[in-house]
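J.: following is a predicted model, sequence given first.
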Amino acid sequence: MGLFQFCKLPAGPVRKNRVQLILCCFLLSLIIYFFHGPKAAVSLESARPFAEVLAMKDGTILKGMSAIKTLVSKTPQETSWGAPLVWGDSHNSVLRRARLSEQEIPVGLLVLVVGTYARFVRPFLSSAETHFLPGQAVTYYILTDNPRTLDPPLELGPGRQMRLLPAAEMPGWDRLAHRRMVLFAEAIRESIGNEVDYVFCADVDQAFVAPVGEEILGDLVATLHPEFFDMPRNRLPYEDQEDSAACVEEDEGDHYYTSEFYGGTVSQMRRLARDCSLLILQDVANKVTARALEESYLNRYLIDHRPTCVLSPEYSWWDSPLTAHVPRKRLVSLGRQCEVYDMAKREQQRC
């Protein structure tokens with residue numbers, strides 16, 4: 001009993017403590033409201049307009065994202081095996097040009113000019129002087145059956161030079177197509193190999209109509225065919241004759257490439273031209289003609305040796321109902337697109 005009495009507090013102090021506790025809790029609540037309540041209110045008020053903005057622009061945002069996804073799907077930046085797929089105005093191309101433009105990179109541009117194709121060589125070279133690897137050392141290798149093809153000589157810019165390489169006349173387009181790889185292989189082995197680091201082969205009946213810079217450089221470079229870009233595998237015109245050395249099986253192949261513009265390092269191009277030549281000669285001996293001639297053998301080779309750099313159809317374009325839409329045309333066919341070249345020339349003169 002004594003212990004209980006010792007521990008029991010008087011009633012007065014207990015009531016006083018309760019009142020003080022209630023007052024303290026009330027004051028603490030006011031303090032919390034003062035410091036946190038307004039901020040919470042501000043946050044809610046500021047969040048509401050932001051949510052309303054998102055709600056109002058939700059359709060626009062979704063449409064924008066959809067447009068971006070559609071663009072990306074139509075213009076992929078990489079192949080399935082990890083090689084860059086080059087679009088000239090892409091962020092990656094801009095960075096690559098900026099980095100490599102500071103280096104001196106000797107490059108060869110190899111074209112075959114025989115028979116009536118001589119009429120294309122001046123427009124081709126003039127366009128290359130303006131647009132092909134500006135600022136780099138470029139040697140034009142002209143395989144020709146007529147040494148006077150370029151009389152009078154074309155005036156070239158600083159760091160540019162031209163070499164004429166003799167070639168026997170080959171009348172008939174079919175014969176020309178069968179022999180061109182052989183001539184390229186001989187020219188790279190005997191005349192070009194020790195003079196440049198890279199060499200690109202091009203059809204002469206084309207013209208550069210927009211900048212083609214260092215973004216195209218790679219060990220083995222192929223260009224997507226403009227008429228078969230982004231088409232399903234079963235629509236690609238690979239060679240299907242089983243007795244042809246260019247034959248492609250149904251489970252082979254990723255893309256279909258054009259023979260109008262391709263290139264790479266000298267060692268890779270020497271190997272490509274040599275191996276394609278052997279395939280062509282094998283079919284000639286067996287009296288077999290591939291459906292796309294030289295292009296069929298090039299595609300057979302590029303299936304077995306995947307390119308390390310793939311150029312978009314911007315780098316080989318012509319007017320056709322099947323031709324892919326591209327952001328910019330950079331190399332166009334003169335035979336099919338003389339009017340495009342003339343238009344680009346007029347625009348350049350106005351500027």
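T.: It's in. Numbering: from 1, shown residues only.
J.: ok but residue 222 is inside a helix, no?
T.: No - under the criterion used here (DSSP: H, G, I helix; E, B strand; the rest coil), residue 222 is strand, not part of a helix.
J.: that one and residue 307 touch, don't they?
T.: Yes - counting by Cβ atoms under 8 Å, residue 222 touches residue 307, with 4.1 Å between them. Bear in mind the C-beta positions are built from the backbone N, C-alpha and C, glycine included.
J.: shared neighbours, these two?
T.: Common contacts of residue 222 and residue 307 (Cβ atoms under 8 Å, 6 or more residues apart in numbering): residue 257.
J.: now do the contacts for residue 236.
T.: Here residue 236 is in contact with 228, 253, 255-256 (criterion: Cβ under 8 Å, 6+ apart).
J.: can you list contacts of stretch 202-209?
T.: With contact meaning Cβ under 8 Å, 6+ apart, stretch 202-209 is reached by 109-113, 117, 120-121, 123-124, 127-128, 130-132, 259-261, 316, 329-335, 337, 340-341, 344.
J.: now list the buried members of the residues you listed.
T.: Burial by neighbour count, 16 or more other Cβ atoms under 10 Å: within these this picks out 109-113, 117, 120-121, 123-124, 127-128, 130-132, 259-261, 316, 329-334, 337, 340-341, 344.
J.: in strands, which of the contacts of stretch 202-209 appear?
T.: Within the contacts of stretch 202-209, residues falling in strands by DSSP state E are 109-113, 259-261, 331-333.
J.: reformat the residues you listed as JSON lines; add pLDDT and distance to residue 145.
T.: Listed next are the ones in strands among the contacts of stretch 202-209 as JSON lines, based on pLDDT from 0 to 100; distance: Cβ to Cβ, whole Å:
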{"residue": "109", "pLDDT": "98", "distance to residue 145": "19"}
{"residue": "110", "pLDDT": "98", "distance to residue 145": "15"}
{"residue": "111", "pLDDT": "96", "distance to residue 145": "13"}
{"residue": "112", "pLDDT": "93", "distance to residue 145": "9"}
{"residue": "113", "pLDDT": "92", "distance to residue 145": "8"}
{"residue": "259", "pLDDT": "96", "distance to residue 145": "20"}
{"residue": "260", "pLDDT": "96", "distance to residue 145": "21"}
{"residue": "261", "pLDDT": "98", "distance to residue 145": "22"}
{"residue": "331", "pLDDT": "97", "distance to residue 145": "24"}
{"residue": "332", "pLDDT": "96", "distance to residue 145": "26"}
{"residue": "333", "pLDDT": "90", "distance to residue 145": "22"}
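J.: next, format those as JSON lines and append distance to residue 162.
T.: Listed next are the ones in strands among the contacts of stretch 202-209 as JSON lines, based on distance: Cβ to Cβ, whole Å:
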{"residue": "109", "distance to residue 162": "10"}
{"residue": "110", "distance to residue 162": "12"}
{"residue": "111", "distance to residue 162": "11"}
{"residue": "112", "distance to residue 162": "14"}
{"residue": "113", "distance to residue 162": "11"}
{"residue": "259", "distance to residue 162": "23"}
{"residue": "260", "distance to residue 162": "21"}
{"residue": "261", "distance to residue 162": "19"}
{"residue": "331", "distance to residue 162": "19"}
{"residue": "332", "distance to residue 162": "22"}
{"residue": "333", "distance to residue 162": "22"}
